[in-house]
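> coordinates only, sequence not included:
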């Protein structure tokens, strides 16, 4: 039975992936609390597969083991010439990274990746919706700020400042928020010393 | 020198550039803030990465066009060490020096009392633990070189672990680490918080060593040669700007932000500004172009150390590997277009153990190290 280590040290709520994999009969190792403990667990418990968030800061800890310890799992990347490339590509897109011990046929981790993928993908969609909402809010704030800056600098009314923003956006064929960003950044950026 | 050459337009104009938040990411941050790319037909988009592994993967997958990268990491990917092999390119050196080795207070005290590192380590009565940042990276190489110069075998006498830099200082404070090798401002922060002491700066191990490079995949250079050259021009301009009066202090305030390093800007400024009184050369970004030429023999040095530490079996083509990686012709074109001089001669570096690397006999150089990996490991 494959020994699987799941590392969930980012804010993605993927902890229940552990139960899902345990139900499939995988031997789930206890998750270490720190990168240093992660190093020890991999050396002592010898997992066959490690599943980790692509964005986890602990990934370099696993890279150290992959280079210095031949028995440690190595990163699987989406361009590996492999029948499972499509699955691995989807996994990478969803933000899942897998590390496998040498000699382990990659089709043996297909079920693990599929389960992980389903959980991560669900989460990715949720995050995307959240990010989108946050971006919209941030853009509105940015446009307001740029408007206020223009009103102060040019001594003009709010509608006039808004019209100026819109005109610039149209002339440069940019999004309104992008023009606003340029205006805000221009007033914040350090002076250029020639 | 002809500085009015009209160069062909970039094939790709919007570039996504990866970086890891460290003080030496300053050239990228400056290039973006001041939009130095615009004059060369480029718009840069910076993309902060949570780990070197993530940065590597995104370079390889094409999600990033180029990146701020540990010198040795690029060579590790070229050789396929611990991961997939891909042909890589080093476009230029972004900085020299500016890293350090810190010891826990306990170990620093023991070293002061007992005089030598092996004796100081023996007082711990367990295997000492040292942290660095990436297995084939620069910090691992500075750490191993220094330990060996002190008579400590990095593969036998200590445990070498990788810990994300922002977590290193607290690990040191909690007595979970005995020492570390990392880029500024983290050694500075350890010292300021009183949890560790800088024992040697990287510029004392190899004076003016190359540290971060601008890297991309080799097929990116082949498909977008004008873009690659324009990017080198842009980064040369950013490096030149960083040598201007007061500019490092300004960039430090940007690096200090929560979404970047989230560390006090004054501390970063101190670590970025050349300290004339210091015993070792500090962080260098330009120095009239003396920093930036991607010298091939420096790349070969990393290969000798990979061999020394058993990551690579000896092979006779180190110079060819470095010639393939380091884009010296492209760099010269970019430098000439920018009116930046390429040094005609380079002094051979002399290391902390007194050895000189002349770039010639890699096998003999490795062989003469008393402390290295056992032959059966390689």
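Yep, it's here. Note that the structure is predicted; figures quoted are calculated from it, not measured.
> around chain A, which positions in the stretch 201-350 of chain B sit nearby?
For the stretch 201-350 of chain B, the residues in contact with chain A (C-beta under 8 Å from any C-beta of the partner chain) are B:241, B:244, B:245, B:246, B:247, B:250, B:251, B:254, B:311. For every residue, glycine as well, the C-beta is placed using N, CA and C.
> by contact count, what packs against the lowest-mean-pLDDT helix or strand in chain A?
Here the helix or strand of chain A ranked lowest by mean pLDDT, DSSP states H and E is helix A:85-94, holding a mean of 73. With contacts taken as 3 or more C-beta pairs under 8 Å, 6 or more residues apart in numbering or on different chains; DSSP states H and E, helix A:85-94 sits against strand A:96-100, helix A:110-154.
> residue B:328: which of these is closest?
Nearest to residue B:328, of all those, is strand A:96-100, at 34.3 Å by C-beta to C-beta.
> one step back: could you dump the residues of the stretch 201-350 of chain B next to chain A to a markdown table with pLDDT?
Formatted as a markdown table, those follow (pLDDT from 0 to 100):
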| residue | pLDDT |
| --- | --- |
| B:241 | 97 |
| B:244 | 94 |
| B:245 | 92 |
| B:246 | 92 |
| B:247 | 95 |
| B:250 | 93 |
| B:251 | 95 |
| B:254 | 92 |
| B:311 | 96 |
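> of these, buried ones?
When these are checked for burial by 16 or more other C-beta atoms under 10 Å in any protein chain shown, the buried set is B:241, B:247, B:250, B:251, B:254, B:311.
> quick one, strands of the stretch 51-200 of chain B?
Secondary structure of the stretch 51-200 of chain B by DSSP state E, counting those that start in this stretch: the strands cover B:66-70, B:88-93, B:99-104, B:129-132, B:159-162, B:179-183, B:196-201.
> now the ones you listed in CSV, with mean neighbour count and mean pLDDT?
Conversion of the strands of the stretch 51-200 of chain B to CSV gives the following (neighbours: other C-beta atoms under 10 Å in any protein chain shown; pLDDT from 0 to 100):
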stretch, mean neighbour count, mean pLDDT
strand B:66-70, 27, 98
strand B:88-93, 26, 98
strand B:99-104, 26, 96
strand B:129-132, 26, 98
strand B:159-162, 23, 96
strand B:179-183, 28, 97
strand B:196-201, 20, 96
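> hmm, stretch A:111-130 in reach of chain B?
No. Using C-beta under 8 Å from any C-beta, stretch A:111-130 never reaches chain B; the gap is at least 14.9 Å.
> domain parsing for the chain?
Going with chain A. Domain assignment for chain A by automatic domain parsing gives A:3-126, A:134-188.
> actually chain B
Domain assignment for chain B by automatic domain parsing gives B:14-96+B:210-357, B:99-206.
> mind putting those into a markdown table with distance to residue A:89?
Shown next, in a markdown table, are the domains of chain B (distance: least, C-beta to C-beta, whole Å):
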| stretch | distance to residue A:89 |
| --- | --- |
| domain B:14-96+B:210-357 | 9 |
| domain B:99-206 | 25 |
